[in-house]
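J.: Here is a sequence with its predicted model. Questions after.
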Protein chains: 2
Amino acid sequence: MTNSVTVAASAAGVHHSGVHSGVEARVLDAAKRCVERWGMSKLTIDDIANEASVSRATLYRMFPGGKDVLFEALRVRELEDFFTRLAAHLEHVDTLGDLLVTTVVAATHELRDDSHLAVMLASEPGETLTSLTVDGLPRIIRVATVFLVPLVDEYLPRRDSARLVELLARLVISYFLAPSDHVDLGDLDSARSFLGTFVLPAFEPLVRP
Amino acid sequence: MTNSVTVAASAAGVHHSGVHSGVEARVLDAAKRCVERWGMSKLTIDDIANEASVSRATLYRMFPGGKDVLFEALRVRELEDFFTRLAAHLEHVDTLGDLLVTTVVAATHELRDDSHLAVMLASEPGETLTSLTVDGLPRIIRVATVFLVPLVDEYLPRRDSARLVELLARLVISYFLAPSDHVDLGDLDSARSFLGTFVLPAFEPLVRP
DNA sequence: TGACGGTGAGACGGAATTCGTCTTAGTGTC
DNA sequence: GACACTAAGACGAATTCCGTCTCACCGTCA
């Protein structure tokens, strides 16, 4: 396992030619269980291969680079799952304000209900926080942008949509990691009040007619 | 870590000359936490040393033989703690029947409330069961005998006390590991009925006047 | 003070594990 | 039969772990 500051490389190109018949998903699930059970430091490639009932060769063929790119792929998958679930909450909103509030509240609940994240924060705080802040935040914002900007585009010009989504992502993560005495972004009313005061006023004027 | 069928050696002589100032206890506690967190297979001597904030040298000086004798000492300590706590429940009994019932019920509760044991049974079933049955049972019975026979001696001749204590130990462990539909040795009435039917009759005739 | 026991830090060589690659053989599909 | 995919495991290199040893440090007690 490299100590490099993060691979960050394109584990986006993980999708293969063939019918990657769920083997990849099985490996990623196995990796998730393994890292929960043993933690990053104690985790070997063989552990994951055994847990997934897959040969080590297969694993290297699927994720050339070993643990680094495997967990990069896992993070990508988790992130996309996260926003897929999140987007499901955003079907029937019809104002910019509702969109913001629903997004923030649902995302906060997603985070709080994520038991894998909880285990990771407890057992590997350093690595996990890194992947939520300094190292991982850019990607989080990127994925959030891909998923959410189209929805915000209903109301705002593209440039402003991206700025807004980024702001929301940063706020949700910050208030999740360090809850405030004054705001609870998991609470509908509190979130509405907060966003109505500090966020909406800056963007409402830009809303398209 | 040896794969030998068990050291079983005298980790009884672990007590040292000096003031073993609680360092030993700190190491054992650390080992306990470590094996819960990472499991036996992933556990290194350095993990324990770090967790205990003790140098590896100290650890080897204290437990020459490494993990094997360290965990042997841990098992001994846990066992003695177990029976010390158990004996506290047996202060005010005044009949053989009460002694048996109280012992069995209290021991069963001790086992059920032992979260360390629960974690071990879940994460390392093989090793843990071994230490409760084939390999470890003789020692358990030995320690049980040391602690409990003096109490039973109030009522029975020494030879019979030892036989009774051994029987109780086997019963408690068996019913703990594989609960019965008919008997719950953690329940006062159930235990009283069970012991009164199957155990007491064999020993009551031997009670000293 | 100086001897002494207990400790932390870490160097050391050897053993064991893990890594990443590669080869081989097996399986199912077209 | 060609093809894609995989399990199994051999292999040497890299890394980790082990167990022992030395040395410096710090309290205690004579």
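T.: Thanks, I have the structure now. Numbers count the residues shown, from 1 in each chain, chains lettered A, B, ... in the order given.
J.: Please list the residues of chain A that sit near chain B.
T.: Within chain A, the residues that sit near chain B (C-beta under 8 Å from any C-beta of the partner chain) are A:37-39, A:42, A:123. (C-beta placed from N, C-alpha, C; glycine too.)
J.: Quick check: closest non-adjacent residue to the residue nearest the centre of chain A.
T.: Closest residue to the average C-alpha location of chain A: residue A:79 at 3.3 Å, with C-alpha atoms, centre = their mean. Of all residues not flanking residue A:79 in the chain, residue A:143 sits nearest, at 4.8 Å (C-beta to C-beta, 6 or more residues apart in numbering or on different chains).
J.: related to what we said a few turns ago, in terms of helices and strands, where is the residue nearest to the centre of chain A?
T.: helix A:67-88 (DSSP states H and E).
J.: where's residue A:189 relative to residue B:75, distance?
T.: Look at residue A:189 and residue B:75: by C-beta to C-beta, to the nearest Å, they are 55 Å apart.
J.: before we move on, the earlier item: now do the helix holding residue A:79: which elements does it pack against?
T.: In this structure, helix A:67-88 packs against helix A:23-38, helix A:45-51, helix A:96-113, helix A:137-152, with contacts taken as 3 or more C-beta pairs under 8 Å, 6 or more residues apart in numbering or on different chains; DSSP states H and E.
J.: do you know which of the ones you listed lies nearest DNA strand C?
T.: Set against DNA strand C and scored by C-beta to the nearest atom of the strand, these come closest in helix A:45-51, at 3.6 Å.
J.: which other helices and strands contact the closest one?
T.: The contact analysis (3+ C-beta pairs under 8 Å, 6+ apart) places helix A:45-51 against helix A:23-38, helix A:56-62, helix A:67-88.
J.: Point out the most buried one among those helices.
T.: helix A:23-38 (a mean of 19; mean count of other C-beta atoms under 10 Å in any protein chain shown).
J.: Quick one: mean pLDDT for that helix?
T.: Across helix A:23-38, pLDDT averages out at 91.
J.: what angle separates that helix from helix B:23-38?
T.: Using axes from the mean of the first three to the mean of the last three C-alpha atoms, to 10 degrees, one finds that helix A:23-38 and helix B:23-38 are set 160 degrees apart in direction.
J.: quick one: is helix A:23-38 near DNA strand C?
T.: No - using C-beta under 7 Å from any atom of the strand, helix A:23-38 stays clear of DNA strand C, coming no nearer than 9.9 Å.
J.: got the angle for that helix vs helix A:67-88?
T.: Using the same axes, to 10 degrees, the direction of helix A:23-38 lies 100 degrees away from that of helix A:67-88.
J.: does stretch A:62-71 come close to DNA strand D?
T.: Yes - residues of stretch A:62-71 contacting DNA strand D under C-beta under 7 Å from any atom of the strand: residue A:62.
J.: And that stretch, end to end?
T.: 12 Å (C-alpha to C-alpha, to the nearest Å).
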